[in-house]
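A.B. asks: Kindly generate the corresponding structure for this input.
(3 chains)
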Amino acid sequence: MAKTELAVVGAGPAGLAAALAAARAGVHVTLVDEYPTPGGQYLKGASHPDAAPPVFATERRGRALLRELAAMDVDLRSETLVWGIEIEIEGLRLALHGPDGSGWLEPQAVVVATGARELVIPFPGWTLPGVMTLGAAQILTKEYGVLPGQRVLLAGSGPLLLPTAKELARRGAEVVAALEATHLSQWSRHAPAVWGNWERLREGWGYLRAMQRARVPYRFGRTVVRALGGEQLEAAVVARLDRQGRPIPGSEDTVAVDTLCLGFGLLPNVELTQLAGCAHRFDPTRGGWVPTLDERLETSIAGLFVAGETTGVDGAGAAMLEGRLAGLAAAHKLGRVSEGELTRQLAGATNTRRRLRRFGTLLNCLFAPRPGLDAITTDDTLICRCEEVTAGQIRAAVRQGARELDAVKTWTRAGQGPCQGRTCSPLLARLIARETGRPVADAGTLHVRPPLKPVPLGALTLEEQP
Amino acid sequence: MLYSPEANDRTTSRNGGRTLSRQDQTFTIQVDGQPIPARPGQTIAAALIASGRRVFRHTPNHAPRGIFCGMGVCFDCLVTVDGVAGQRACVTLARPGMRVQLLADAEADDGQD
Amino acid sequence: MNTQADVVVIGGGIVGAACAYHLCEAGLKVHLVERRFPASGTSRACDGLILLWDKMPGAELALGQASSALWVELAGALELDFEYARQGTIFLAEGEGGMDAGRAKAEALSAVGVRAQVLDGPGLRSLEPNLAPDIAGGIFFPDDAQVDARRATLAMLSAAQRRGLTLHTNAEAVAIQRAAGGAGRIEKVITRDGEIGTETVVCAAGVWSNAVAQLVGGELPLRPRKGHILVTAKVPGMVHHPLLEGGYVSTVQSATEDLQVALVAEPTASGTLLLGSSRQSVGFDRSVSMTVVGAIAARAVRFLPALAQVPVIRSYAGLRPWSPDHLPLIGPWAQVPGFYVAAGHEGAGIGLAPVTGRLITDWITGAKLPPFAAVVRPDRVFGQD
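C.D. replies: Presented below is the predicted three-dimensional model:
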C-alpha cells in the first residue's frame, strides 16, 4: 500500500492549484489524473506551440500552473483512475488503476478536483457520429489539432459556445452558426451580477468579436431539434424557440452540416464524493448536486476537501482560487500551515470568491435549459445511450410509479451501462420531474458503487503488477 | 484529411513534470487491418477522426456511434485495442504497432484468443 | 386511496410478485403495497439462478423441483420476457477433494431424479474452454435454469396487474389495524399512501419482513446475509453455462466480519457476466466493499484467467434473508389470523418464488397442500429468538 500526504484527484486548474499550494508548503503530494496530459478540460492543448496565445489573465494563470508543475516535486500519475475510496477509522484510502497496474494509495488528506461534464438535452438523431459535445470539439482541436468535421453547427446555451466556435473557425472549419437557446432580452435581468467581473465580460466580448471577424453568425432563441443522417450526421433541423425554450411550430429549417457541437452547461462530477459518503445537496445555481462544504472547502468527511467545478460550476478562475485554498487547508490539516495563515488566506479571498460565485450563478441561472426545451425530446429519442433506452420507455416507467432514478434504472435498464448513468442521469431526473410534477431533486441520485469507472477485473484484486 | 494547418508543425509536447521522449515522427497503427497515421501524444480517437473515420462501432440495435463527449465519460467511443474490447478511444493514447478493431461490439470475435 | 381487498401483499420483490400473481390467477382481489419500487430490495441485486443441486434431497428438493416446473410454465405464460434460459449449471471442483464431493452429490441427486453428469478435466473444458487448465473437473446439472430476476419480478407484477392486481408503489406499510380483542382479526393495512381494508395480509418483505411482523406484534428470526455481485462488460461466448464453485473459500477474516467467497460466473442474455459470490453478516448495510470485490475478482481470475482484462462496469450488494434452518417461512402464522408469511428464502428466493406463491394461494383458498408445505411452516421457528 503506497502512502502519501496529500492525494489530489484531477489535474485541471483546481487540482493543479491545490497540488502546488500544498507542495509549496512542503507537503508531499500525489496528483492523480485520468488523462494522458494534465490541465483538465480548460487547459487542453495549452502547452502546444500552435495553441492560441492566452488573451485573458485566467488562461495565463492556468498555463503558469502547468509550468510550475513541471518545476515542482509533485508526484504526477497520469492515465490513472481513482476507482474507489474507503473511509476507515485509520484514515482514507484510494484505489488507483493506471499504466503501472492497480493498487491502494493511502493519503492523509484528499482534495477532489474532478471537474464537471457537459449536459446535452437530447433530440432524435443525437447519437449519430458527427454529433458531439462542445468539449469534444475543443479537445480535438486544441489538444490534438484535429478538426471534428468540415461544416459545423454549434447549439446549446451558455458561454462555452463562443470559444468553441472561435477555435473551430481559427482552425479552418466552416462554422455555419452558433445557436444560443436563450433570447438576448432575457440576459439583462442578470446584469447586476456582472459588476466586478469585468474580465469575464471582456472575455465574452472578445469571443463575440472573434466570431464576427470569422463571420460566424451567433443567433439567439434557436436550437437544433433533430439530427439527420444514415451512418453519420448529414443535416440538422433548427427551430426557433419561445422564451420558455419551446420550439415554435412551423419555424423549422434544415441545414446541411456534418458536425454538430452541443452543450447546455456543466454538471459537477461528484461520483467520488458520493462514493465516499459525503453529504450533498441539490443546488441548481451551482449546476445540480454538489457536496456540502464548510468555508475551508472540507466535506462532511474529515480530511476530504473539494475544489473547482466539483464544488459547483463557477469557471476556471474560481477553480484555481478554490484549489489554492483547498491545498492550503489540507496543508494546514497536515500541520504545514498555521491556523493564522490559513485564516488570513481565506479572509483575503472572500470578496473574490463572492464575486466569482455571483457571476457563476448568473451563468448557471441564465443558461439553465428551460422546461420548454423538453419538447425536443420526443418519445423515440434515446435517453440512455449505453443501453438504448428511449424517452418513451422512461416516461412509461415513471407513469407506472418509478419516481426516483434508481427505480427508473431498475425498470428500464437506463444507467446500467459502462458510463454508469453519467450521461443519462440528469436527463432521467428531468423526465421524472416533468412526469411527476415534483422538483428535480426529489428524483435523487443513482447509487454510486465501485469501480467509479470500468476497470479490468484483474485490477480489482488490487495487487501491484510489475 | 482533417488536420488543421497549424498542427502540422507541432514540435514539442510536455507532460507536466515528465518530458516525453521525443519522436515527433508520425507512426502507424492498424485499424481493421489498414495502416493509419498517428502522432505521439494523440489518442486513438484523434487519429481515427484525422484519417476520416468517425464511425467507431455499432450498437446491438445496429446504430452507428463515434465520439460524443470526448473526455472519457460517455463510453460511446469504444473500440477493441490489441484484442481487448471496450477501450475508450478518446482517452487511450495511440502507440506504434497498435491494432485497433472497429467491428460491432458483441458480434465479431468470439471471446479472447 | 381507500378501498377493500381480499388480500394485501406487503412487498414488491419476486416473492411478493409471485404471491400476487398466483392469488390473482385464483380469482382473488389483491392489492400489493411496495415501499419503494418493484424489485427495489434483493430482487434486483441477485443472480437469478434456479438451482436444484444445492437442495437437500427430501422436502427441500421437492420444493425446488415443484418451483422449477412452475418456472417453465411461467416462461410460457407471462406476457413479458424475462430471459428464462435452461442451459443447466456446472458445479466446479477445483481439486480432487472437490471432485469426490461433487460425485457424491451427483449420485445422491441422480437417485431422486435430478440429472447429473460427472465431467473430468477435458470433459469440463470441452463445455467451457475458457476455464483454467488445472481445474480438476465438475458436475453438469442440465436441469438448472436462470432468469433475469429484475425482469421476472416486473413480468410477474405486470401479469398480475392484467389479472386484476392493484399495485401501489412508494407506499410503505406503517400499520396493520386489527379488531379489538385478543385474537383480533385484521381490518386494514395503513400505508404512507392511504389505507386498504382487508382481513388477509401476506408478508413478503424479504429481509425486512421482521419490521412488518412487528406491525402485528410478532418477531421473525430473519437475518441479512450480504452478497456482492460484479457485472462485466459484454463478453459473449466467454462462458456458456453458469459456473459455481463447490464449497466456500474463507478468504478474509477481518476484525468485524468473516467473509466467505465462492465463485459464481453467470452469463446473461445481453452478453455480460455476473460474478459472485460472497456471504457476510454485517447487518443491513448495502454498500459495496472493495475487499469483497477484490476477493471475488481473485476467484474469478483464478478460474477464468481470460477475464483478467475484461472491464467490470459495475457492482452491487444485496441482502439475502437468512433463516435459522436455511428454509423459507411460507404459510399462516397462528397467533394472528389472516397473517401469512412468505419470506426467508436466503439465496434461493428466485428459484423458490413460484412455489411460494402457489403455496400461499393454496393456504388462503383452502386448497389441498402438497406434503412439503409442512416443512416450511412459519410456526416451526416462531417465538424463539
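
A.B. asks: next helix or strand past whichever strand or helix holds residue A:238?
C.D. replies: Residue A:238 belongs to strand A:235-240 when assigned by DSSP states H and E. Note on strand A:235-240: by DSSP H and E, the next helix or strand toward the C-terminus is strand A:253-256.

A.B. asks: residues in contact with that following strand?
C.D. replies: The contact list for strand A:253-256, computed with C-beta atoms under 8 Å, 6 or more residues apart in numbering or on different chains, reads A:151, A:153, A:176-177, A:228, A:234-239. No exception for glycine: its C-beta is placed from N, CA and C like everyone else's.

A.B. asks: in that strand, what's buried?
C.D. replies: Under the neighbour-count criterion of 16 or more other C-beta atoms under 10 Å in any protein chain shown, strand A:253-256 has nothing buried.

A.B. asks: Can you tell me the strand partners of that strand and which way each runs?
C.D. replies: strand A:235-240 (antiparallel) (DSSP bridges).

A.B. asks: buried residues in the partner strand?
C.D. replies: Buried-residue list, strand A:235-240, by 16+ other C-beta under 10 Å: A:235-240.

A.B. asks: count of residues packed around residue 66?
C.D. replies: Went with chain A since none was named. By other C-beta atoms under 10 Å in any protein chain shown, the residues close to residue A:66 number 19.

A.B. asks: looking at chain C here, not the other one
C.D. replies: 16.

A.B. asks: hmm, back to that, make a markdown table out of the contacts of strand A:253-256 and add pLDDT and distance to residue A:46.
C.D. replies: Converted to a markdown table, the contacts of strand A:253-256 look like this (pLDDT from 0 to 100; distance: C-beta to C-beta, whole Å):
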| residue | pLDDT | distance to residue A:46 |
| --- | --- | --- |
| A:151 | 98 | 28 |
| A:153 | 98 | 27 |
| A:176 | 98 | 28 |
| A:177 | 97 | 28 |
| A:228 | 98 | 36 |
| A:234 | 98 | 34 |
| A:235 | 98 | 35 |
| A:236 | 98 | 31 |
| A:237 | 98 | 36 |
| A:238 | 98 | 33 |
| A:239 | 98 | 37 |
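
A.B. asks: For chain A, give me its nearest residue in the stretch 1-150 of chain C.
C.D. replies: Using C-beta to the nearest C-beta, the closest approach of the stretch 1-150 of chain C to chain A is made by residue C:37 at 3.6 Å.

A.B. asks: Find the residue closest to that residue in space, skipping its chain neighbours.
C.D. replies: Distances taken as C-beta to C-beta, 6 or more residues apart in numbering or on different chains put residue A:407 closest to residue C:37, at 3.6 Å, once the chain neighbours are dropped.

A.B. asks: Doesn't that neighbour belong to a helix?
C.D. replies: Yes. Under DSSP: H, G, I helix; E, B strand; the rest coil, residue A:407 falls within a helix.

A.B. asks: Hmm, residue C:34 and it touching each other?
C.D. replies: No. Using C-beta atoms under 8 Å, residue A:407 is not in contact with residue C:34, being 10.2 Å away.

A.B. asks: Comparing these two, which shows the higher neighbour count?
C.D. replies: A direct count of neighbours by other C-beta under 10 Å for residue A:407 and residue C:34 places residue C:34 higher, at 28 against 25.

A.B. asks: before we move on, back to that, and the contacts of strand A:253-256, which two are furthest apart?
C.D. replies: Farthest apart among those by C-beta to C-beta are A:151 and A:239. That separation is 19.4 Å.

A.B. asks: how many other residues sit next to residue C:277?
C.D. replies: For residue C:277, the count of nearby residues is 26 (other C-beta under 10 Å).

A.B. asks: Same list (the contacts of strand A:253-256) but as a markdown table, adding distance to residue A:52.
C.D. replies: Shown next, in a markdown table, are those (distance: C-beta to C-beta, whole Å):
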| residue | distance to residue A:52 |
| --- | --- |
| A:151 | 22 |
| A:153 | 22 |
| A:176 | 21 |
| A:177 | 21 |
| A:228 | 33 |
| A:234 | 31 |
| A:235 | 30 |
| A:236 | 27 |
| A:237 | 32 |
| A:238 | 28 |
| A:239 | 33 |
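
A.B. asks: So which of these is the closest to residue C:115?
C.D. replies: For these, the closest approach to residue C:115 (C-beta to C-beta) belongs to residue A:228, at 55.7 Å.

A.B. asks: Now the closest one. Its backbone dihedrals?
C.D. replies: The phi and psi values for residue A:228, taken as degrees, to the nearest 10, are phi -120, psi 140.

A.B. asks: how about the nearest residue to it, chain neighbours excluded?
C.D. replies: residue A:235 (4.5 Å).

A.B. asks: Would you mind measuring from that neighbour to residue A:156?
C.D. replies: Noted for residue A:235: a distance of 18 Å to residue A:156, by C-beta to C-beta, to the nearest Å.

A.B. asks: Equivalent analysis for residue A:450, please.
C.D. replies: In terms of C-beta to C-beta, residue A:450 sits 32 Å off from residue A:156.

A.B. asks: ok, now residue C:330?
C.D. replies: As judged by C-beta to C-beta, residue C:330 and residue A:156 stand 56 Å apart.

A.B. asks: Can you pull the residues that touch both of residue A:407 and residue C:34?
C.D. replies: By the contact definition C-beta under 8 Å, 6+ apart, residue A:407 and residue C:34 are jointly contacted by C:40, C:169.
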